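Visitor: I would like to see how this sequence folds:
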Amino acid sequence: MLPKPERLTKSSEFGYVYHQKRSVANSLLVLYVSNKKRDESIPTRVGFIVGKKVHKRAVKRNKAKRHIREAYKVMRKAEDFPLKDFQHLIFIARPPIVEADYKQVYDAVADCITRAAKRFK
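Guide: Next up, the predicted model:
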């Protein structure tokens with residue numbers, strides 16, 4: 001679990017990021033990105049969404065969310081993390097993520113992050 005200051009928790013925060021309409025996607029995930037940070041001391045805040053359309057069983061949705069969260073944590077700790085300048089990130093799972101293993105999810109998260117860094121820098 002990410003620390004509280006690094007999580008998006010309110011519906012209005014999610015709505016703000018959606019309103020920016022800056023996204024990249026692949027077969028497993030969609031990544032929404034908001035504006036760049038004005039203050040470097042504030043951490044990047046992240047939200048993870050795995051809806052009921054992905055799978056009807058909560059166990060499967062929670063497993064997918066844990067995989068996405070862990071892949072993000074590993075990438076975030078890297079020295080050259082490309083999205084550390086952005087305020088908010090939202091990862092939204094797509095239905096094929098239920099059959100994917102951790103390695104595939106990690107590759108999908110890495111792909112979205114690198115594509116977003118190229119497109120929005």
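Visitor: now do the strands in this protein.
Guide: For the chain, applying DSSP state E gives strands covering 23-25, 29-33, 45-49, 88-93.
Visitor: which one, of these, ends up nearest to A108?
Guide: Smallest distance to A108 across the strands of the chain (Cβ to Cβ): 5.0 Å, for strand 29-33. For the C-beta atoms, the positions are set from N, CA and C on the backbone; glycine is no exception.
Visitor: buried ones in that closest one?
Guide: Residues 29, 31-33 are the ones in strand 29-33 that count as buried (16 or more other Cβ atoms under 10 Å).
Visitor: residue contacts, the residue most central in space within the chain?
Guide: Taking Cα atoms, centre = their mean as the criterion, F91 is the residue nearest the geometric centre of the chain, at 2.9 Å. Listed by Cβ atoms under 8 Å, 6 or more residues apart in numbering, the contact set of F91 reads 29-31, 46-49, 68, 72, 109, 112.
Visitor: how about these in CSV, adding distance to V98?
Guide: Formatted as CSV, the contacts of F91 follow (distance: Cβ to Cβ, whole Å):
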residue, distance to V98
L29, 13
V30, 15
L31, 18
V46, 21
G47, 20
F48, 15
I49, 14
I68, 12
Y72, 18
V109, 16
C112, 18
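Visitor: restricted to buried residues, select the residues you listed in PyMOL.
Guide: Here is the PyMOL command that selects the buried residues among the contacts of F91 (16+ other Cβ under 10 Å):
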select buried, resi 29+31+46+47+48+49+68+72+109+112
